[in-house]
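Novice: Okay, predicted coordinates and the sequence, questions at the end:
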Amino acid sequence: MGRYILRRLLINIPILFVITIIVFLLVEIAPGDMVDFFITEETEAFLTPEALEEMRDRFGLNDPLPVRYFKWLGRTLQGDFGFSYIQSYPVGALLLQRLQNSAILTGTGMLIAIVVGVPLGIITALRQYSTLDFTLTGLSFVGMSMPAFISGIIGLYIFAVQLHWVPAGGMTTPGRTSTLDLLHHLILPATILALIHGARFMRYTRFSMLEVLNQDYVVTATAKGMRRLIVINRHALRNALIPVVTVIGLSVSNIVAGAVFLETIFSWPGIGRLYYNAVISQDYPVIMAANLVIAVAVLATNLITDIAYAVVDPRVRYE
C-alpha cells in the first residue's frame, strides 16, 4: 500500500508542474498587466511613459517570459503569493482565511450528499420499481438537471425572503460568533449543494448496486439460502461502492464550481467569492493564487480518491 501511495504521489509531481505553467500563462495572455491596474483618470496625468516603463522594470514585466515564470514559481514555493491590489493584503493570508470558510461549506455539503445520497441509492436499488424508487429517481433527475445558481436563487427566495427561516446571506450575524449562528447561516447553502450532488451520488449508487445484484456470485449466494442482509453487506455493497468512490472523487471539481455560485448568491466569504471578485476587478495576484490553490485541492482530492479506491478494491494497488 505504501508503494502504491508513493507511486501516485510521484505521478502528481509533473502534473502539478504543468498546472503552474497553465496558471501562469492564463494570466499572461489576459489583456493588460499589473501596471495597467494603476492607470486611472486621476493618475493618468502624472504617469509619464518613462514612469510606466520604470514601473514595468520594477515589477519585472520586461523580463523574458521564462524568467518571469521561474521568479513567480520560486516565490510561490516559498509561500509568497504577493499582495492583493484591491485589498492591499497578503494574498497567502487572504487565501488561507477564505479557504477555511470554503472548506466549511463544501465539506458540509459533500458530507450530507454522501450520507444521504449513497444510502438512498442502495435503498432504491433494493426496492426497484417501487413507488419509493420512482419518486426518488424523479427527484434525483430534478436535482441533477438544476444548476447551482438557479437552486440557490430559488432556495434563497423561498426560505430566506418568504419564510424567514434562515438568514439571507453571510457567514455569521454581525456581533455574534457562536457555532449555532454559523450553522444557521450554513444550513441553506450546504443543503442546496448537497441536494445537487447527492442526487448524482444516489443515481450512480443505484445503478452500480443493481449491476452487482445481478452478478452470478450474488445470485448463487442467495440461492444457497444465505440471509439477504449478509449477501448485501458481504458480497454486493463493497463491489458496488467501487465506481461510486470514483464518482465522488471526480465530483469535487463540480462541487467547487457550484460553490463559486452559491458563495456569490449567499455572500459567503469563501475562496469562490474571492475569486469571482478578483476576476471582476482584474486582481491578478489573487487570480493566480486562487487558480493554483483550487487546482492543487482538486489534485489532492483525486489522490485521496485513488487511495480510497485501492482500499475498497485491493486489486488496484497490485496492478
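Specialist: The structure has been received and is ready for your questions.

Novice: can you confirm V23 is in a strand?
Specialist: No - membership of V23 in a strand is not supported by DSSP: H, G, I helix; E, B strand; the rest coil, which gives helix.

Novice: That one reaches L292, doesn't it?
Specialist: Yes - between V23 and L292 there is a contact under C-beta atoms under 8 Å: 5.1 Å. Bear in mind the C-beta positions are built from the backbone N, C-alpha and C, glycine included.

Novice: more neighbours, the two?
Specialist: Counting neighbours by other C-beta atoms under 10 Å for V23 and for L292 shows that V23 has the greater number, 22 against 19.

Novice: What is the neighbour count of the spatially closest residue to the more buried one that is not a sequence neighbour?
Specialist: Leaving aside its sequence neighbours, V23 sits nearest to N291 (C-beta to C-beta, 6 or more residues apart in numbering; 4.6 Å). Residues contacting N291 under the criterion other C-beta under 10 Å number 19.

Novice: May I see the buried residues of the helix or strand hosting N291?
Specialist: For N291, the host element (DSSP states H and E) is helix 284-312. In terms of neighbour count (16 or more other C-beta atoms under 10 Å), helix 284-312 has its buried residues at 284-295, 297-298, 301-303, 305-310, 312.

Novice: tell me the contacts of V293?
Specialist: 95, 99, 271 (C-beta atoms under 8 Å, 6 or more residues apart in numbering).

Novice: Tell me the most packed of these, by neighbour count.
Specialist: That'd be I271 among the contacts of V293, by other C-beta under 10 Å, with 30 neighbours.

Novice: just to revisit the earlier point, identify, from the contacts of V293, the entry nearest to F17.
Specialist: F17 has its nearest neighbour among these in L95, at 20.4 Å by C-beta to C-beta.

Novice: Could you report the separation of that closest one from N302?
Specialist: 21 Å (C-beta to C-beta, to the nearest Å).

Novice: how about G169, secondary structure?
Specialist: Following three-state DSSP, G169 is assigned to coil.

Novice: pLDDT score assigned to the residue nearest to it when sequence neighbours are not counted?
Specialist: Spatial nearest neighbour of G169, chain neighbours left out: S267 (3.6 Å); criterion: C-beta to C-beta, 6+ apart. For S267, the pLDDT comes out at 87.

Novice: For the helix holding N291, what does the pLDDT average out to?
Specialist: 82.

Novice: now swap in stretch 64-79 and tell me
Specialist: The predicted model assigns stretch 64-79 a mean pLDDT of 87.

Novice: which residues touch the residue nearest to G169?
Specialist: Going by C-beta under 8 Å, 6+ apart, S267 touches 169-170, 273.

Novice: Got the phi and psi for the nearest residue to I112 once chain neighbours are set aside?
Specialist: Spatial nearest neighbour of I112, excluding adjacent residues (C-beta to C-beta, 6+ apart): A194 at 3.6 Å. Here is the backbone geometry of A194 (degrees, to the nearest 10): phi -70, psi -40.

Novice: what do you get for F83?
Specialist: Dihedral angles (degrees, to the nearest 10) for F83: phi -120, psi 150.

Novice: Same question for P90.
Specialist: According to degrees, to the nearest 10, P90 has phi -60, psi 130.

Novice: So what's the predicted local confidence for the closest residue to it other than its chain neighbours?
Specialist: Counting by C-beta to C-beta, 6+ apart, P90 lies nearest to F83, which is 6.0 Å off, once chain neighbours are set aside. pLDDT for F83: 83.

Novice: so how far is I29 from F83?
Specialist: Applying C-beta to C-beta to F83 and I29 gives a distance of 23 Å.

Novice: out of those two, which sits in the busier spot?
Specialist: Neighbour totals were compared for F83 and I29, and F83 leads with 16 against 7 (other C-beta under 10 Å).

Novice: can I assume the more buried one is in contact with V91?
Specialist: Yes - with contact defined as C-beta under 8 Å, F83 reaches V91; the gap is 6.5 Å.

Novice: which residues do those two both contact?
Specialist: The contact sets of F83 and V91 overlap at P285 (C-beta under 8 Å, 6+ apart).

Novice: Excluding chain neighbours, give the residue nearest to P167 in space.
Specialist: H185 (5.2 Å).

Novice: Now the element after the helix or strand harbouring the one you found, going C-ward?
Specialist: Assigned by DSSP H and E, H185 belongs to helix 179-213. As assigned by DSSP H and E, the chain's next helix or strand after helix 179-213 is helix 216-223.

Novice: Check the secondary structure at R176 for me.
Specialist: Three-state assignment for R176 (three-state DSSP): coil.

Novice: For H185, see how far away it is.
Specialist: 10 Å.

Novice: With neighbour numbers in mind, choose between the two.
Specialist: H185 (22 against 11).

Novice: does that one really touch M171, like I thought?
Specialist: Yes - using C-beta under 8 Å, H185 is in contact with M171, at 5.5 Å.

Novice: any weak-confidence spans in the protein?
Specialist: 1, 32-33, 36-47, 313-319 (pLDDT under 70).
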